[in-house]
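> Quick one, what's the 3D model for this:
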Amino acid sequence: MSNEHASKLQQRLQTLHADVASTGEVDPELKDLLHRLDVDIKTLLERRLAEGNVAPEPESTTYGLAERSQELSAKFAAKHPHLEPALRELGNMLSSMGI
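Numbering: from 1, shown residues only. Okay, here's the model as predicted:
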């Protein structure tokens, strides 16, 4: 993953957090799922930048982040439809990066 991709991903995460904060009340379960996804993405970014783009191990908690992001997007779509596009875009970014 290039530094440019990592930077774009970090920007997308920041934007998503700002969107969630401006939403007001978000279901605690969804907030927890988003937090876990965020932590796992940040862990992956730190590891890839530190190790020079080494792919994650399959047993890693960061495995399948794109799929997890898409699942989270579907859950947000029902209660917070204005957040769903940002999560979908995040999932698409992760998928295009092979994550």
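> got the buried residues for the helix ranked longest in the chain?
The residue-count maximum for a helix in the chain (DSSP state H) belongs to helix 28-51. Residues of helix 28-51 classed as buried: 30, 33-34, 37, 40-41, 44-45, 47-48 (neighbour count, 16 or more other C-beta atoms under 10 Å). In this view, the C-beta of every residue, glycine as well, is placed from N, C-alpha and C.
> what's the answer for stretch 15-26, then?
Within stretch 15-26, the residues that qualify as buried by neighbour count (16+ other C-beta under 10 Å) are 16, 20, 26.
> The first one and Glu84 touch, don't they?
So the one you mean is Leu16. No. At 10.9 Å, Leu16 does not count as touching Glu84 under the criterion of C-beta atoms under 8 Å.
> picking that back up, can you tell me which of the buried residues of helix 28-51 comes closest to Gln10?
Distances from the buried residues of helix 28-51 to Gln10 were compared by C-beta to C-beta; the smallest belongs to Leu45, at 6.8 Å.
> Could you check how far the closest one is from Gly24?
To Gly24, Leu45 is 28 Å away according to C-beta to C-beta, to the nearest Å.
> do Lys79 as well
Distance from Lys79 to Gly24, counting by C-beta to C-beta: 12 Å.
> Same question for Ala18.
As for Ala18, its distance to Gly24 is 13 Å (criterion: C-beta to C-beta).
> In three-state terms, how would Gly98 be classified?
Under the three-state scheme (DSSP: H, G, I helix; E, B strand; the rest coil), the conformation of Gly98 reads as coil.
> can you count the residues close to it?
Using other C-beta atoms under 10 Å as the criterion, Gly98 is surrounded by 9 other residues.
> C-terminal to the longest helix of the chain, what's the next element?
Beyond helix 28-51 in the direction of the C-terminus, DSSP states H and E gives the next helix or strand as helix 65-79.
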